[in-house]
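> Fold the following and give me the result.
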Amino acid sequence: MLTVEEALEQILSRTVPLQTERVDLRGALGRALAETIVSRREIPPWRNSSMDGYAVRAEDTGEVDLAVVGRIIAGTLPSRPLARGEAMRIFTGAPLPDGADAVVPQEDVEASDSRVRLRTRVDPGAYVRPAGEDVRRGDVVLEPGCRLGAAEIGFLAALGYRQVRVVRRPRVAILSTGNELADLGTEPGPGQIPNTNTYSLMAQVLEAGVEPIVLGVAADRLDDIERRLDWGLSADVLLSSAGVSVGELDLVREALVALGAELHLWKVSMRPGKPITFGSLRGRPVFGLPGNPVSAMVTFELFVRPALLRMAGHRRLHRPRIAARALARIPNPGSRRGYLRVQLSRDGNEWGARLTGDQGSGILRSMILADGLAVVPGDTVVVPGDTVEVLVLRELMS
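Modelled structure (predicted):
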């Protein structure tokens, strides 16, 4: 049985970024950059004022009166250079006139339409943003693999980019299997339960910035599973849940082999989620996750999400991990490494962790309550005060 690290290494060694495409900047949020961005211009492109006030020559300042000879607002150019003994009214972001080397804030003067009285001396460069203060022409500002967030997109707009080259987002075909599953919109029959895995996995795929394709629910029949998996070959990744253990009706691995898949691993030493399958089918990664809702979500986080992020071209593949102090007992009685759902709280500079409650692999509410997964070695009991590693699942408020 493989360790989590061995399984993840096998998965990531068989996944590569997809091809690239150009997209409009308005649709680039969350995508992985696929080109080196070199600044086409200086930002800001000219010296400009960081305050509303008066553009002056620093050598003219002190307790003096200056003649106001012009007005410069953002989006306009000065009408002429500034001579000795003169000032120009200027607004934030407006370019300084030639001859000016400082700005006096408006709250530090007494002004009329034609003259301004200064109260103090200012140094050259006061309240002036020099040209190229942010970026110089020719600077490398963004590199391939960078995730495009709001700041990056704003910067690209400042550089004049309307489109940008990114890695194509993977399309993930999601299949749930099991006679016991009733899809939403249909009344569950005797012995049936709602199909939750399709929707939780679809949401996890979307959270990873990837496109889901829903294949529906396959009955526990080899022909139905094969048929639906074959439909999914239009996608870049196949992702199924349930049917990968050793029961009489666990038919997903058999269906994959019948379609020509090469299976690379089955069973990982962890709980929840031991029976996970990974393989390749016609050049596509294939994941078979356990059927229990928590097991499916946990194995997605540990194995599928990093693979999808790699395919999408991202450099950062893994969730952050922190050290937390156990606030209560966290037992892992089994021999396999446990990924236990915990809530996190902060006391000063220290994070604390406690279990969300029952850790059964069918207790979906434990994932709702969880801020992270405590990583606990097999046959280990973490007692209050011990330090435990936590895989963080959501943004934490400090």
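> Could you chop this protein up by domain?
What automatic domain parsing lists as the domains of the chain is 4-16+169-311, 20-43+133-167, 48-129, 321-392.
> Any stretches of the chain with poor pLDDT?
245-249, 397-398 (pLDDT under 70).
> ok, the nearest residue to G243 once chain neighbours are set aside to E226 distance?
Among residues not flanking G243 along the chain, V252 sits closest, at 3.8 Å (C-beta to C-beta, 6 or more residues apart in numbering). Every C-beta, even on glycine, is put in place using the N, C-alpha and C of the backbone. Counting by C-beta to C-beta, to the nearest Å, the gap from V252 to E226 is 10 Å.
> The domains of the chain into a markdown table, with extra columns for mean neighbour count?
Shown next, in a markdown table, are the domains of the chain (neighbours: other C-beta atoms under 10 Å):
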| stretch | mean neighbour count |
| --- | --- |
| domain 4-16+169-311 | 19 |
| domain 20-43+133-167 | 16 |
| domain 48-129 | 17 |
| domain 321-392 | 17 |
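> Need the three-state assignment for L229.
Local secondary structure at L229 is given as helix here, using DSSP: H, G, I helix; E, B strand; the rest coil.
> Can you show me the helices along this structure?
In the chain, helices defined by DSSP state H lie at 4-13, 150-158, 197-207, 222-231, 252-258, 293-299, 305-311, 365-369, listed in chain order.
> how far out from the middle of the chain is the second one?
Relative to the chain's own centre, helix 150-158 is displaced by 16 Å; criterion: C-alpha atoms, centre = their mean, to the nearest Å.
> one step back: would you list the helices of the chain in CSV and tack on distance to T186?
Formatted as CSV, these follow (distance: least, C-beta to C-beta, whole Å):
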stretch, distance to T186
helix 4-13, 34
helix 150-158, 41
helix 197-207, 13
helix 222-231, 17
helix 252-258, 23
helix 293-299, 19
helix 305-311, 30
helix 365-369, 23
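> correct me, but G360 touches P293?
No - look at G360 against P293 with C-beta atoms under 8 Å: they stay out of range, at 10.1 Å.
> what sits in contact with each of the two?
Common neighbours of G360 and P293, counting by C-beta atoms under 8 Å, 6 or more residues apart in numbering, are absent.
> what bridges to the closest residue to G338 other than its chain neighbours?
Spatial nearest neighbour of G338, excluding adjacent residues (C-beta to C-beta, 6+ apart): N332 at 3.7 Å. On the basis of DSSP bridges, N332 is bridged to T380.
> ok, now which ones touch N332?
N332 neighbours (C-beta under 8 Å, 6+ apart): 271, 338, 340, 376-382.
> go with 10 Å
Listed by C-beta atoms under 10 Å, 6 or more residues apart in numbering, the contact partners of N332 are 271, 338-340, 359, 374-382.
> Turn those into a markdown table, columns for distance to G260.
Formatted as a markdown table, the contacts of N332 follow (distance: C-beta to C-beta, whole Å):
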| residue | distance to G260 |
| --- | --- |
| R271 | 32 |
| G338 | 36 |
| Y339 | 32 |
| L340 | 38 |
| Q359 | 38 |
| A374 | 40 |
| V375 | 36 |
| V376 | 39 |
| P377 | 38 |
| G378 | 36 |
| D379 | 40 |
| T380 | 42 |
| V381 | 46 |
| V382 | 45 |
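> Specify which member of these is nearest to F300.
Of all the contacts of N332, F300 sits closest to Y339, with 11.8 Å by C-beta to C-beta.
> mind checking how far that closest one is from V210?
22 Å.
> now V167
To V210, V167 is 11 Å away according to C-beta to C-beta.
> any shared contact partners between those two?
Shared contacts of V167 and V210, defined by C-beta under 10 Å, 6+ apart, are found at 311-312.
> Now do V69 against R84, distance only.
According to C-beta to C-beta, V69 and R84 sit 11 Å apart.
> Also S200?
Distance, S200 to R84, by C-beta to C-beta: 72 Å.
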